[in-house]
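Engineer: from the sequence below, what's the structure:
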Amino acid sequence: MPKAVVVRATGGPEALEFTDVAAKSPGAGELLVDVAAAGVNFIDCYHREGRYPLALPFGPGQEGVGRVSAVGPDVTGVAVGDRVAWAQTIGSYAEQAVVPVKDAVPVPEGVDDDTAGALLLQGLTAHYLVASTYPAREGDTVLVHAAAGGVGLLLVQLAKARGARVIGTVSTEEKEALAREAGADEVIRYDRVDFVPEVRRLTDGVGVAAVYDGVGATTFDGSLASLKPRGTLALFGASSGAVPPFDPLRLNHAGSVFLTRPSLGAHVATPEERQWRTGELFAAVLDGSLKVRIGGRYPLAEARRAHEDLEARRTTGKLLLLP
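Structural biologist: Residues are numbered from 1 along each chain as shown. This is a model prediction of the structure:
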């Protein structure tokens, strides 16, 4: 029987059970894929703990890469043996995954399994943030929190490629080096100093055009205070916890700033948009302008340890589970 990770009751990392599961077969419009690598993301932790509820029991994980082993009825354009990657397909922490063909993208030759398995969910997130939520451009200064994390390293590179000056926040010397290697112009060690006055100092008191904030509760107030008038706060995650309700008048007092809480699903709503974003990401990987850092590789059976390391912020870049 194939193996997979299952959550039967929400909770901490101990809720991740590595177990035998029934063999799967694809239905109409679906692919059965032998998983080569599955990406680990903070949203997987939110699902596991019940912050974003799913019907129990469920298989965690939304992202992966592998080879198609069977195709369902009415599937066209994909054949057994093709290599595909996907994001937003629940049940990816498994030896085999059933993937809707509409969510699967072909992996170009020259992009290895680890890179493809690590890229899509965080890469698509970084892409929509800098290309759509607030389109970074020449002359902008932007702030990227957790600049050495999986999304952060990609955000830094993509924003730099669009001509922006990037300020990153990190918590360790190692993470500072990684953020600078990715292209960050300035790096603030928030374990040593308050990032708000540093942002103001680095921008001659003006503030930044945009803050890309996936941290949430602990950075939200400072992110608002770091914006220039009519700047944009893109709150795309909550790794430190959810932001409490607040008075919208604060946006006025901060300088008529904009606040948005975007989601990936709304930015890959059509096949054309998904193809555009994934095409640009794979092209950047192939031409060497986008580097994907794999911060840790874990056997599928050690999904619990991967979650523990991610939540304790012991990692940089992207974590992968390898069936």
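Engineer: low pLDDT regions in this structure?
Structural biologist: Within the chain, not a single segment meets pLDDT under 70.
Engineer: can you map out the helices along it?
Structural biologist: 42-49, 113-128, 150-161, 173-182, 195-202, 220-226, 249-253, 271-286, 303-311 (DSSP state H).
Engineer: count of neighbours near residue 201?
Structural biologist: Residue 201 is flanked by 12 other residues according to other Cβ atoms under 10 Å. Every C-beta, even on glycine, is put in place using the N, C-alpha and C of the backbone.
Engineer: who touches it in this structure?
Structural biologist: Residues counted as contacts of residue 201 (Cβ atoms under 8 Å, 6 or more residues apart in numbering): none.
Engineer: and the spatially most central residue of the chain, how far is that from residue 67?
Structural biologist: Nearest to the mean C-alpha position of the chain, counting by Cα atoms, centre = their mean, stands residue 122 at 2.6 Å. The gap separating residue 122 from residue 67 is 22 Å, by Cβ to Cβ, to the nearest Å.
Engineer: cool, and residue 134?
Structural biologist: Residue 134 is 37 Å from residue 67, by Cβ to Cβ.
Engineer: and those two? which has more neighbours close in?
Structural biologist: Neighbour comparison, residue 134 and residue 67: the larger count goes to residue 134, with 23 against 16 (by other Cβ under 10 Å).
Engineer: tell me the buried residues in the lengthiest strand in the chain?
Structural biologist: Longest strand in the chain, counting residues (DSSP state E): strand 30-40. By neighbour count on 16 or more other Cβ atoms under 10 Å, the buried set for strand 30-40 is 30, 31, 32, 33, 35, 36, 37, 38, 39, 40.
Engineer: can you give the distance of that strand from its chain's centre?
Structural biologist: Relative to its parent chain, strand 30-40 has a centroid offset of 17 Å by Cα atoms, centre = their mean, to the nearest Å.
Engineer: same question for stretch 70-81.
Structural biologist: Remark: stretch 70-81 is offset 28 Å from the chain centroid, using Cα atoms, centre = their mean.
Engineer: ends of that stretch, what's the gap?
Structural biologist: 9 Å (Cα to Cα, to the nearest Å).
Engineer: next: stretch 21-39.
Structural biologist: Distance between the two ends of stretch 21-39: 20 Å, counting by Cα to Cα.
Engineer: same thing with stretch 236-247?
Structural biologist: 19 Å.
Engineer: any idea how far the nearest residue to residue 280 once chain neighbours are set aside lies from residue 224?
Structural biologist: Residue nearest to residue 280 in three dimensions, not counting chain neighbours: residue 127, with 6.6 Å by Cβ to Cβ, 6 or more residues apart in numbering. Using Cβ to Cβ, one obtains 24 Å as the distance from residue 127 to residue 224.
Engineer: isn't residue 284 right up against residue 278?
Structural biologist: No: using Cβ atoms under 8 Å, residue 284 makes no contact with residue 278, being 10.8 Å away.
Engineer: quickly list what's touching both of those two.
Structural biologist: Residues touching both residue 284 and residue 278 by Cβ under 8 Å, 6+ apart: none at all.
Engineer: identify all contacting residues around stretch 248-262.
Structural biologist: 128-129, 133, 207, 224-225, 227-236.
Engineer: and the residues you listed, which is closest to residue 6?
Structural biologist: Nearest to residue 6 among these, counting by Cβ to Cβ, is residue 236 at 28.0 Å.
Engineer: dump the residue contacts of that closest one.
Structural biologist: So residue 236 contacts 125, 129, 133, 151, 212, 213, 214, 261, 262, 263 (Cβ under 8 Å, 6+ apart).
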